[in-house]
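In: sharing a model that was predicted from the sequence below.
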Amino acid sequence: MGHVRVGKGNLRRAAAIAVCAGVTGCQSDFGGNAARQAPIAGPEFVVEFKKIDTTGRGRITLEEATSYYNRRFTELDKNRDGLLDVQELESFMPVMNISSVRELLLALDRNSDNKLSRSEFLIIVNKLFQMATIPSQLTLGDLKRKTSNEDE
């Protein structure tokens, strides 16, 4: 039987793929709750999009959105415990185009503790960029197309 030689580059590549698969599994929730969707493409989000798009280009990058929602998490976390509870999420409801915080928790709370950690909250960015026609860039046009498709 011959020996297989594994180079450092291949080992790094395999490790990177394993990490990505783990993150994807966590965020897609292999545990059976993947059908839960946060309805974040409503017209209310256009205002939020424009806050992220500080240059007015009509497009945002994945990095800009992640940075913005990291800041939003910090703003919303009034008691500074590193978790967003029902009361702290109340003011975020209109942005998410939802009728109750419970709906938001159902969509994002992966460990079912009725609170959102920073990583759970940042799943919003993933959901946003699922609408993008280019993986690392979301345009206002992408967002409007998604919104108009849901209205039909």
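Out: Received the coordinates, thanks. Residues are numbered from 1 along each chain as shown.
In: could you use CA atoms for every contact and neighbour count after this?
Out: Noted.
In: how about low-confidence regions in this protein?
Out: Within the chain, the ranges that satisfy pLDDT under 70 run 1-42, 147-152.
In: please enumerate the strands of it.
Out: Assigned by DSSP state E, the chain shows strands spanning 59-61, 83-84, 116-117, 137-139.
In: dump those strands to CSV, plus mean neighbour count and distance to Ser100.
Out: Below are the strands of the chain laid out as CSV (neighbours: other Cα atoms under 10 Å; distance: least, Cα to Cα, whole Å):
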stretch, mean neighbour count, distance to Ser100
strand 59-61, 19, 27
strand 83-84, 22, 14
strand 116-117, 22, 15
strand 137-139, 20, 26
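In: so can I have TSV of those strands showing distance to Ser91?
Out: Converted to TSV, the strands of the chain look like this (distance: least, Cα to Cα, whole Å):
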stretch	distance to Ser91
strand 59-61	23
strand 83-84	11
strand 116-117	14
strand 137-139	24
